[in-house]
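Enquirer: Okay, sequence plus prediction incoming.
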Amino acid sequence: MSQVVTGEAVAIDLRPAQLGSRMIAGLVDLFIQLFVLYSVLVFTLVAVNPQDEALAVAVVIVVYVATMLGYPVIFETFLRGRTVGKMLMKLRVVRDDGGPVRFRHAFVRGLIGAVVERPGALFGLPAVMAMLFSHRSKRLGDLFAGTVVIHEGVPSMAGVVPAVPAPLAGWVVGLDLTGLDDELTGTVRGFLGRVHELSPEAQERIGADLVAQVRAVVTPPPPPGTPGWAYLSAVLAERTRRSYRRLRAVSRARYGPGEIPGVPLHYYPGHLLTPEVLAPPPPPAYVGPQPPGGYPIPGPPSGSPYR
């Protein structure tokens with residue numbers, strides 16, 4: 001798991017594609033490129049019928065560059081970071097800030113791939129070596145273009161989808177989250193995602209410590225009697241909601257309505273503060289302390305005993 005930082009300095013967790021899936025996608029794309037290269041080359045040589053050896057070599061070079069460079073550039077530009085191989089493997093190229101790639105990103109990636117990474121006896125080796133030594137599996141083209149290849153269909157929350165308990169919906173809207181950095185956010189997310197694996201003692205100890213750390217940098221404090229799990233979940237959900245709202249606004253302004261490249265459709269956090277959540281709930285069979293306002297905080301979700 002890796003954090004992609006948007007232009008608004010908001011971290012969004014996305015899973016970089018690993019070497020295996022990228023190699024499979026690359027082989028699919030390579031097969032298509034070689035087929036197109038062979039077909040176009042034969043057709044061009046027959047049509048041009050160059051008598052001069054130098055002209056024949058020039059034709060081969062032009063067709064090679066046009067095919068090996070044009071294929072990824074055209075597909076990644078018009079399909080917003082995808083090629084045929086990437087679509088099959090559910091991969092997508094995005095910018096380092098999580099936004100969609102544009103022509104210049106696709107061109108740099110394609111140029112480095114065609115000229116540096118794949119020609120001759122070093123076929124693919126520079127790209128593989130770069131990915132092995134990069135914690136986000138970046139090849140040379142990604143490093144120069146400022147891009148990263150991610151899995152589209154993988155939820156980014158490490159087993160937990162943050163939600164705002166209904167009685168805290170009004171409180172989270174006014175939170176000041178500027179002091180909540182990426183490292184602490186990731187720690188909270190990891191704790192909530194794996195809390196069921198911890199002993200009750202570890203849950204209480206780690207949870208109390210995280211609550212204290214978050215309360216030190218987030219204002220205002222929660223309503224009295226708010227359980228620790230509810231506080232952490234609400235803060236995390238609100239931060240996620242704001243992140244996606246900003247990213248989606250930028251994406252809509254630049255590219256029109258639609259999905260955010262690199263973000264699975266099922267993971268859009270619009271459900272975090274739906275009208276049903278914002279509306280006052282009926283007095284159900286909730287368990288937990290009674291905060292001011294008359295509505296009790298529900299008990300922890302199934303599998304998350306931390307309170």
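Expert: Great, that's in hand. Numbering: from 1, shown residues only.

Enquirer: And the contacts of stretch 57-71?
Expert: Contacts with stretch 57-71, where a contact means CB atoms under 8 Å, 6 or more residues apart in numbering, come from 29, 32-33, 36-37, 40-41, 44-45, 48, 50, 83, 107, 110-111, 113-114, 118. Quick note: C-beta positions are derived from backbone N, CA and C, even for glycine.

Enquirer: For that stretch, what is the distance to the chain centroid?
Expert: Distance of stretch 57-71 from its chain centroid, counting by CA atoms, centre = their mean, to the nearest Å, is 33 Å.

Enquirer: try stretch 211-230
Expert: From the chain centre to the centre of stretch 211-230 is a distance of 28 Å (CA atoms, centre = their mean).

Enquirer: could I get that stretch in PDB with only the CA atoms?
Expert: Taking Å, rounded to 0.1, in the frame of the first residue of the first chain, the C-alpha atoms of stretch 211-230 are listed here in PDB:
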ATOM      1  CA  VAL A 211      -7.000   8.800  20.400                       C
ATOM      2  CA  ALA A 212      -4.700  11.000  22.500                       C
ATOM      3  CA  GLN A 213      -2.500  11.600  19.500                       C
ATOM      4  CA  VAL A 214      -5.400  12.500  17.200                       C
ATOM      5  CA  ARG A 215      -7.000  14.700  19.800                       C
ATOM      6  CA  ALA A 216      -3.800  16.700  20.200                       C
ATOM      7  CA  VAL A 217      -3.900  17.800  16.500                       C
ATOM      8  CA  VAL A 218      -7.600  17.800  15.700                       C
ATOM      9  CA  THR A 219     -10.100  20.300  16.900                       C
ATOM     10  CA  PRO A 220     -12.700  20.600  18.300                       C
ATOM     11  CA  PRO A 221     -12.700  17.700  20.700                       C
ATOM     12  CA  PRO A 222     -15.500  15.100  20.400                       C
ATOM     13  CA  PRO A 223     -18.700  15.200  22.400                       C
ATOM     14  CA  PRO A 224     -18.200  13.900  26.000                       C
ATOM     15  CA  GLY A 225     -18.500  10.100  26.200                       C
ATOM     16  CA  THR A 226     -17.700   9.400  22.600                       C
ATOM     17  CA  PRO A 227     -16.000   5.900  22.400                       C
ATOM     18  CA  GLY A 228     -12.500   5.800  21.100                       C
ATOM     19  CA  TRP A 229     -13.400   3.600  18.000                       C
ATOM     20  CA  ALA A 230     -16.200   6.000  17.000                       C
END
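
Enquirer: tell me the mean pLDDT for that stretch?
Expert: The pLDDT scores in stretch 211-230 average 92.

Enquirer: do the same with stretch 41-50
Expert: 79.

Enquirer: One more: stretch 145-155?
Expert: Taken as a whole, stretch 145-155 has an average pLDDT of 78.

Enquirer: Which positions within it qualify as buried?
Expert: For stretch 145-155, burial by neighbour count (16 or more other CB atoms under 10 Å) applies to Ala145, Thr147, Val148, Val149, Ile150, His151, Glu152.

Enquirer: And for stretch 103-120?
Expert: Buried, per 16+ other CB under 10 Å, within stretch 103-120: His105, Ala106, Phe107, Val108, Arg109, Gly110, Leu111, Ile112, Gly113, Ala114, Glu117, Arg118.

Enquirer: Need the CA coordinates for that stretch. CSV is fine.
Expert: Written as CSV, here are the backbone C-alpha positions of stretch 103-120 (Å, rounded to 0.1, in the frame of the first residue of the first chain):
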residue,chain,number,x,y,z
PHE,A,103,-0.4,13.6,-23.2
ARG,A,104,2.9,14.8,-21.9
HIS,A,105,3.0,12.1,-19.2
ALA,A,106,2.1,9.4,-21.7
PHE,A,107,4.6,10.7,-24.2
VAL,A,108,7.5,10.7,-21.7
ARG,A,109,6.6,7.2,-20.5
GLY,A,110,6.4,5.9,-24.1
LEU,A,111,9.5,7.6,-25.2
ILE,A,112,11.6,6.2,-22.3
GLY,A,113,10.1,2.8,-22.9
ALA,A,114,10.8,2.7,-26.7
VAL,A,115,14.3,4.3,-26.6
VAL,A,116,15.8,3.3,-23.2
GLU,A,117,14.0,0.3,-21.7
ARG,A,118,13.2,-2.0,-24.5
PRO,A,119,15.6,-1.9,-27.4
GLY,A,120,18.2,-4.5,-28.3
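
Enquirer: Nothing else from me, thank you.
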